[in-house]
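# Got a predicted structure here, sequence first:
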Amino acid sequence: DSAEASPSVVFENIKTCSPNCLQMLLENISGLTVDADFTVELIPEINVAVATFIKSIDTKEFVKKCSQDKRVREFKMTARLLELTQTIKAENLPDSISTDYLTVFFESARSGGGPVSDVQLFPTENSAIITFCDHKGNT
């Protein structure tokens with residue numbers, strides 16, 4: 001089941017921990033290096049950060065270590081696996097983008113894509129919702 005675990009971990013309630021502090025904390029817990037082994041994306045609007053592991057690790061075990069970590073508890077943060085999904089939202093798309101182009105782009109193995117089952121374009125928002133045939137295609 002670990003092979004199917006998400007390579008991404010969501011950290012909630014991050015507002016009391018600065019971005020640099022969070023990165024160092026995750027390096028300390030994982031024994032890995034930010035940028036080389038994992039990335040951290042901050043989503044301040046919802047008080048969340050997502051760590052995505054480039055290096056293959058047991059993310060379930062990492063989440064367990066985080067929940068037991070003294071500093072994580074002091075910051076009142078929580079960690080959980082990011083749910084695997086078949087749908088993503090692409091934003092800031094050019095006005096001239098087509099559903100055919102997006103389908104071909106997101107099916108490209110070179111960009112980590114996979115078979116696309118549906119593309120919904122939202123021209124007024126310059127965005128699209130891309131649905132994959134399975135969750136492996138949306139990396």
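That came in fine, so what should we check first? Numbers count the residues shown, from 1 in each chain.

# Walking through this structure, point out its helices one by one.
Taking DSSP state H as the criterion, the chain contains helices spanning 19-30, 59-68, 70-74, 99-107.

# Dump those helices to TSV, plus mean pLDDT and distance to residue 133.
(Glycine included, C-beta is placed from N, CA and C.) Shown next, in TSV, are these (pLDDT from 0 to 100; distance: least, Cβ to Cβ, whole Å):
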stretch	mean pLDDT	distance to residue 133
helix 19-30	96	32
helix 59-68	96	23
helix 70-74	96	36
helix 99-107	94	10
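
# Switch those helices over to a markdown table; also include distance to residue 123 and mean neighbour count.
Shown next, in a markdown table, are the helices of the chain (distance: least, Cβ to Cβ, whole Å; neighbours: other Cβ atoms under 10 Å):
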| stretch | distance to residue 123 | mean neighbour count |
| --- | --- | --- |
| helix 19-30 | 34 | 16 |
| helix 59-68 | 37 | 16 |
| helix 70-74 | 42 | 13 |
| helix 99-107 | 11 | 15 |
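
# burial of residue 18, as a residue count?
Residues lying near residue 18 (other Cβ atoms under 10 Å) number 10.

# Could I get the phi/psi values of it?
Torsion angles at residue 18 (phi, psi; degrees, to the nearest 10) stand at phi -70, psi 160.
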